[in-house]
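Student: Have a look; sequence and predicted model below, questions after that.
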Amino acid sequence: MIIIKDLVKTYNTGTTKVEALKDVNITVNDGEFIAVMGPSGSGKSTLMNILGLLDYPTAGSYLLDGVDTRSMDERQLAALRNGKLGFVFQSFNLLPRLNTQRNVELPLFYAGVDRKKRQTLAAAALERVGLISRASHHPNELSGGQKQRVAIARAIINNPRLLLADEPTGNLDSASSYEIMSLFQELHRQGSTIILVTHEPEIARHAQQIVHFRDGRIRNSEKVDQPLNARHLLEDWLQQGGMV
Amino acid sequence: MKITEMIGGALEGIRVNKLRSTLTMLGMIIGVMAVIVIVTLGQSLNKQVSQTVEGMGANSFALMPIANDNGQIGKLTLDDCNLLKNSVDSIDFVIPVKYLPYPSSLQTIRKKEPSMLIGTNSDYPKVDQAGFSQGRFFSESENQMARRVAVISQTVADDLFGPGSVAVGRTLRINNISFQVCGVTKPVASFLGSQQSQTFIPINTLLEISDYQEIQKAMVRVKKSDQLKAATVQSVSILEMRHAAKKGYKAQTNEQMMEQFSSILTIITSVFGALAGIALLVGGIGIMNIMLVSVVERTREIGLRMAIGARRSDILIQFLVESATISAIGGGIGTLLGIGIGAIISTVLKMPVVISLGTILFAFCFSSGIGILFGLYPANRAAKLDPIDALRYE
């Protein structure tokens, strides 16, 4: 469970003070799938960075699994990122020199897992995203959608408590976007907690709940009664003659 | 476990950026190579000299007149040599050596050659094992009878009588006096190269044609090595008394000669080695430069690694391992090349080839150390990156 209380983030850019987040309160229960929406500059990226333990809040608290993250040093934060969080980025961020399998293994390398076990777990994660056949390919041999699936396999290999996805479909075409969203929905059904940042309303409506940001504040939070089913959308889209 | 995999990753990176890695390594290769060549040559030379000295026998010493504090110089004559041999029990034999302080002219109809003229006795080959390509050294009876026979060197023989022709038995003129060649010594290649050729004649012959009866040196061999010290003291005191020249003689054992030579050689090797070390420094700067470029290029990678759980120390170590790997490989190649070139030069100069494990190990560790030292700054820069900025870097 994630509890964010009275979170404030202020940046000092020379003489002016920018308040990126103002008194943000969110509670995310285990197994929830939340989409965060808002125009650029609304503070959603800052929130993601803080949730991802890449940035510190100026004030307020962030409890991850009951652990207060404010008092932690760099090593402890790295360990938390490694063990409890999974990141999916808009630009995939795969390492070009490593093949698919070794890209997926990477978090386990920093967790100190031995090579053999890493390979087994990486194979299992690739199986879950349906890319086991591409295990020895390099990123430049994969399509955008495939790259993002590899990135998701990397994010879930350590069974994270929280999956953070920052515009994961931002660089993808429609078919690939549906593919990725159906994968997130699949992971959600299997029990993952997911927070997804997007500016596309359609993508957001795949989640259970949408949180709207504006000017560093949560403007409103709406429950999605009937989340879109990405698998159905993909099938429809293909039937209409869309290309993969 | 982590380190070995990081080395694997570093090797992969080197493979991917072949040209860049090779150029970066080149600095290390040249630096290490230069150091190894110089050290190897120094050691070969030292070994050659020590072999020569050993050939003269560990039980030998040389007696030479020197100037004492009053400016008086001791006298040394052929009679002194005989006296020493007869009066000191521990002495096996004494070889008198007299040479003219200027080059003498050796002449045939064909040509004229300068050479150092050395008068000695028939024991001389016992301390100089150059060997003969033709003929023999003169005998003791030839010396006693002051025969006009000469031992010349192969190069001189080739010049005077024509390459490949028989020199033994033929006549040449030394300072306008007729001599018969009785032997030709094998050519001795030397690191010092342009040594003048040596021509040996019986010392009695040389004394006959020379105005001065004094000789320059007596080479003494004792029967047992533990008698060496006592024999030097005894010989010097006998000569001092005989010629009333206190401190007018110097006795130098081969060991002392060797030590003196070694210490000079060590200084020379160190100076040149330090100069070559500058190349290593430049190589290290090259590595630092390329690592800085690499850090910038891989900013996003660093950000990603941090996001998925790499600690700053992991990033630091990763980059240090990379720079150490590059320079260790460069150092390894440089060591091999250095040994190869050193061995070739030693062989060409007919010196013994010395390959010292210590030098190799030192060069390898030193180059890795340079890699770590010069990798420290770029690696630290990488480790200090802010993960958010790094992930956003375009």
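Tutor: Nice, thanks for sending it over.
Student: Number of residues surrounding the residue nearest to residue A:219 when sequence neighbours are not counted?
Tutor: Take residue A:219 and drop its neighbours on the chain: the residue closest to it by C-beta to C-beta, 6 or more residues apart in numbering or on different chains is residue A:212, 4.6 Å away. C-betas here are computed from N, CA, C, even on glycine. Using other C-beta atoms under 10 Å in any protein chain shown, the number of residues around residue A:212 comes to 18.
Student: How about residue A:199?
Tutor: Neighbour tally, residue A:199, other C-beta under 10 Å: 15.
Student: quick one: secondary structure of it?
Tutor: Following DSSP: H, G, I helix; E, B strand; the rest coil, residue A:199 is assigned to coil.
Student: Regarding the residue nearest to residue A:219, which helix or strand does it belong to?
Tutor: Element membership of residue A:212 [criterion: DSSP states H and E] is strand A:209-214.
Student: Contacts for that strand, please.
Tutor: Strand A:209-214 has contacts (C-beta atoms under 8 Å, 6 or more residues apart in numbering or on different chains) with A:26, A:32-39, A:42-44, A:47, A:204, A:218-224.
Student: Among those, name the ones in helices.
Tutor: Per DSSP state H, helices hold the following members of the contacts of strand A:209-214: A:44, A:47, A:204.
Student: Does residue 3 fall in a helix, a strand, or a coil region?
Tutor: Using chain A here. Quick answer, by three-state DSSP: residue A:3 is strand.
Student: For residue B:332, see how far away residue B:355 is.
Tutor: Distance of residue B:355 to residue B:332, given as C-beta to C-beta, to the nearest Å: 15 Å.
Student: in the stretch 51-200 of chain B, which spans are strands?
Tutor: Assigned strands in the stretch 51-200 of chain B, in chain order: B:60-65, B:91-99, B:104-107, B:112-120, B:132-135, B:149-153, B:171-174, B:177-185, B:198-202 (criterion: DSSP state E, counting those that start in this stretch).
Student: how about those in CSV, adding mean pLDDT?
Tutor: As requested, these are exported to CSV (pLDDT from 0 to 100):
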stretch, mean pLDDT
strand B:60-65, 88
strand B:91-99, 91
strand B:104-107, 89
strand B:112-120, 90
strand B:132-135, 87
strand B:149-153, 92
strand B:171-174, 92
strand B:177-185, 92
strand B:198-202, 92
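Student: Apart from its chain neighbours, what residue comes closest to residue 28?
Tutor: The chain I'm using is chain A. Per C-beta to C-beta, 6+ apart, closest to residue A:28 is residue A:2, 4.2 Å.
Student: please go with chain B instead
Tutor: Nearest to residue B:28 is residue B:330, by C-beta to C-beta, 6+ apart, at 2.9 Å.
Student: Do I have it right that that neighbour meets residue B:22?
Tutor: No. Counting by C-beta atoms under 8 Å, residue B:330 stays clear of residue B:22, with 9.1 Å between them.
Student: Does residue B:367 belong to a helix, a strand or coil?
Tutor: Taking three-state DSSP, the label given to residue B:367 is helix.
Student: related to what we said a few turns ago, among the ones in helices among the contacts of strand A:209-214, who's most crowded?
Tutor: Neighbour-wise, the ones in helices among the contacts of strand A:209-214 (other C-beta under 10 Å) top out at residue A:47, 28 neighbours.
Student: sec struct for the single nearest residue of chain A relative to chain B, please.
Tutor: Distance from chain B to each residue of chain A (C-beta to the nearest C-beta) is smallest for residue A:82, at 2.4 Å. Using three-state DSSP, the structure places residue A:82 in helix.
Student: Chain neighbours aside, what residue packs nearest to it?
Tutor: Nearest to residue A:82 is residue B:309, by C-beta to C-beta, 6+ apart, at 2.4 Å.
Student: related to what we said a few turns ago, out of residue B:330 and residue B:22, which sits in the more crowded spot?
Tutor: residue B:330 (30 against 15).
Student: ok, now which ones touch the more buried one?
Tutor: By C-beta under 8 Å, 6+ apart, residue B:330 lies in contact with B:24-29, B:32, B:283, B:367.
Student: Which of those scores worst on pLDDT?
Tutor: Among these, residue B:367 carries the weakest pLDDT, at 86.
Student: Give me the neighbour count for it.
Tutor: 31.
Student: quick revisit: spit out the contact partners of the residue nearest to residue A:82.
Tutor: Applying C-beta under 8 Å, 6+ apart, the residues near residue B:309 are A:78-79, A:81-83, A:107, A:110-111.
Student: most surrounded residue in those?
Tutor: Most surrounded of these: other C-beta under 10 Å gives residue A:107, at 29 neighbours.
Student: Can you lay out the contacts of residue B:309 as CSV showing pLDDT and distance to residue B:244?
Tutor: Below are those laid out as CSV (pLDDT from 0 to 100; distance: C-beta to C-beta, whole Å):
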residue, pLDDT, distance to residue B:244
A:78, 94, 89
A:79, 94, 91
A:81, 94, 94
A:82, 95, 92
A:83, 92, 96
A:107, 96, 94
A:110, 94, 88
A:111, 93, 91
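Student: Doesn't residue A:116 lie inside a helix?
Tutor: Yes. Counting by three-state DSSP, residue A:116 is found in a helix.
Student: ok so, going back, how close does the residue nearest to residue A:28 sit to residue A:214?
Tutor: Using C-beta to C-beta, residue A:2 is found at 21 Å from residue A:214.
Student: Which of the two has more residues huddled nearby?
Tutor: Here residue A:2 and residue A:214 are compared on neighbour count by other C-beta under 10 Å; more neighbours surround residue A:2, at 20 against 15.
Student: separation between the more buried one and residue A:69?
Tutor: Where residue A:69 is concerned, residue A:2 sits at a distance of 10 Å (C-beta to C-beta).
Student: and for those two, which residues touch both?
Tutor: Among the neighbours of residue A:2, those also in contact with residue A:69 (C-beta under 8 Å, 6+ apart) are A:62-63.
Student: center of chain B, which residue is that?
Tutor: residue B:45 (1.8 Å; C-alpha atoms, centre = their mean).
Student: buried residues in the host helix or strand of residue B:206?
Tutor: Assigned by DSSP H and E, residue B:206 falls within helix B:203-209. Using 16 or more other C-beta atoms under 10 Å in any protein chain shown as the test for burial, helix B:203-209 gives B:203-207, B:209.
Student: What is the nearest of the ones in helices among the contacts of strand A:209-214 to residue B:359?
Tutor: Distances from residue B:359 to the ones in helices among the contacts of strand A:209-214, taken as C-beta to C-beta, are shortest for residue A:47 (60.2 Å).
Student: just to revisit the earlier point, which neighbours does the strand holding residue A:212 have in its sheet, and in what orientation?
Tutor: In the sheet, strand A:209-214 lines up against strand A:33-37 (parallel), strand A:217-223 (antiparallel) (DSSP bridges).
Student: Generate CSV for those strands, with mean neighbour count, mean pLDDT and distance to residue B:288 as supplementary columns.
Tutor: What follows is those, written out as CSV (neighbours: other C-beta atoms under 10 Å in any protein chain shown; pLDDT from 0 to 100; distance: least, C-beta to C-beta, whole Å):
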stretch, mean neighbour count, mean pLDDT, distance to residue B:288
strand A:33-37, 24, 95, 43
strand A:217-223, 13, 92, 47
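Student: for residue 208, what are its contacts?
Tutor: All of this is about chain A. A:32-34, A:223-224, A:227.
Student: if you could check chain B rather than the one you did, that'd help
Tutor: Each residue near residue B:208 by C-beta under 8 Å, 6+ apart is listed here: residue B:146.
Student: Thank you kindly, that will do.
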